[in-house]
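Chemist: Only the shape, not the letters, is given here:
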C-alpha cells in the first residue's frame with residue numbers, strides 16, 4: 001500500500017542503512033515550500049536477528065543532542081536575506097579520529113534567482129558514526145534550505161535522527177562527560193587567569209596612585 005502524504009508533505013527521500021545484522025529504512029518527509037521535515041524509521045531484520053536493544057531518538061533541536069554537543073560544530077547566522085539555525089559546520093577538531101562521516105548527500109529541489117545570483121533550494125543529508133561502534137551507531141543530520149523568493153530570503157533549518165545500541169550510547173555518554181569535564185576545567189582556568197589579571201591591574205593602579 002502506498003503512503004499518502006498529507007497537506008504538510010509533498011516530497012520524500014528514502015535511505016536504507018545497515019545496522020548490526022540488518023537494515024533500517026529511513027524516510028524523510030517534507031514540503032518543497034517550507035523547512036518542515038519528519039522522519040519515519042522502519043527496521044528490516046531477518047527472522048531471528050538480534051537487534052541488541054537498538055534505540056532511536058529524533059531531535060528538532062540539534063543542541064539538545066549529546067552527539068552534536070560533543071562532536072559537531074554548528075553554525076548560526078541571521079541577517080535580512082539569510083536565517084540559519086544549527087547548520088552543520090564540521091567535526092570538532094579534538095574528535096576527527098573518533099568520528100567518521102558515512103553519508104553526504106544533497107538533493108536539489110529548485111534553483112531560484114535572488115539579487116542576480118542563483119540560490120538553491122535543497123535537502124542536505126549528513127551521516128556520522130563513532131569509529132569504535134561503526135555498525136552500531138548512526139547520527140543523521142538533515143539540513144533543509146528553503147528559498148522564499150517573495151521575501152528575498154533563505155531559511156536553513158536542521159533535524160537529527162540517532163540510531164544506536166546500548167553499548168554505543170554508553171560510549172557516547174563517556175565522551176560527553178569527558179568533554180564537559182574538560183570544558184569545565186578550561187573555564188575554571190580562564191576564571192583564575194582573569195582573577196590574576198585583575199589583581200595585577202589593581203596593584204598597578206594602586207602603585208600608580210601612590211606616586
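Modeler: Yep, that arrived. Every value quoted in this text rests on a predicted model; they were computed, and no experiment measured them. Numbering: from 1, shown residues only.
Chemist: So for stretch 159-169, mean pLDDT?
Modeler: For stretch 159-169, mean pLDDT is 96.
Chemist: what does the longest strand seen in the chain rub up against?
Modeler: Ranked by residue count and defined by DSSP state E, the top strand of the chain is strand 99-114. Under the contact criterion Cβ atoms under 8 Å, 6 or more residues apart in numbering, strand 99-114 has outside partners 11, 13, 15, 17, 32, 71, 81, 91, 118-131, 134, 138, 140, 147, 149, 152, 154. In this view, the C-beta of every residue, glycine as well, is placed from N, C-alpha and C.
Chemist: could you redo the last one with a cut-off of 7 Å?
Modeler: 13, 32, 71, 91, 118-131, 140, 147, 149, 152 (Cβ atoms under 7 Å, 6 or more residues apart in numbering).
Chemist: now swap in stretch 132-146 and tell me
Modeler: Taking Cβ under 7 Å, 6+ apart as the rule, stretch 132-146 contacts 17-20, 28, 30, 34-35, 37, 62, 67, 87-88, 103, 120-130, 154-165, 167-168, 171.
Chemist: go again using 6 Å as the cut-off
Modeler: Stretch 132-146 is contacted by residues 28, 34-35, 37, 67, 88, 122-130, 155-165, 168 when judged by Cβ atoms under 6 Å, 6 or more residues apart in numbering.
Chemist: and what of stretch 55-68?
Modeler: The contact list for stretch 55-68 (Cβ under 6 Å, 6+ apart) reads 39, 41, 86, 139, 158-164, 172, 176.
Chemist: Counting neighbours, which of the contacts of strand 99-114 end up buried?
Modeler: Among these, the ones that count as buried by 16 or more other Cβ atoms under 10 Å are 71, 91, 119, 121-130, 140, 147.
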